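Chemist: Got a predicted structure here, sequence first:
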Amino acid sequence: MEDMLQMWINLIVETLKYQSDYFKHVTTLSTGSILIIVALVEGVFKSPEGIVFIWLSILGFLVCLVSSVFMMQVIGGFLGELCTPWEPDKRHERQEKIVKTAKTANRIQRWSWVGFLGGIVFLLIFSLINFLQKSKL
């Protein structure tokens, strides 16, 4: 039974490591995208059209950044919790906490994904509007 529990813990730890890497990469991409937005607005388009799409894009990337940073904190604390010795009388309590944290992680991961996808979509809409406007001139 102990071997099965240890295998289960190892699987969760590996999954959390991959999720942490995912959040690190998405955070980097979101930050870079915000910098690209600033460069587009300041340098490429002198009087941009559809500025609301820029604000929606920045909002999407910020949602992604905040949820990703929050999730990295949750994962770090959770990994620390998993590495502490398990008391036999509190095993069920800790297993419930693991399941609850995993469900929360999935919800927050969706927010991160939706924020990033929304940021990209709104940035593309803004760029298309302005490139088409610029090509008509």
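Modeler: Looks like it arrived, so ask away. Residues are numbered from 1 along each chain as shown.
Chemist: can you give me the helices for the protein?
Modeler: Assigned by DSSP state H, the chain shows helices spanning 2-39, 51-83, 91-136.
Chemist: right, so of those helices, which gets closest to residue 45?
Modeler: Set against residue 45 and scored by C-beta to C-beta, the helices of the chain come closest in helix 91-136, at 4.9 Å. Just so you know, the C-beta spots here come from the backbone N, C-alpha and C atoms, and that holds for glycine as well.
Chemist: now that closest one, how far from the centre of its chain.
Modeler: Here helix 91-136 is found 6 Å from its chain centre; the criterion is C-alpha atoms, centre = their mean, to the nearest Å.
Chemist: cool, stretch 118-137 as well?
Modeler: 25 Å.
Chemist: For that stretch, which outside residues touch it?
Modeler: Contacting residues not belonging to stretch 118-137 are listed as 30, 33, 36-37, 40, 44-45, 48-51, 53-54, 56-61, 63-64 [C-beta atoms under 8 Å, 6 or more residues apart in numbering].
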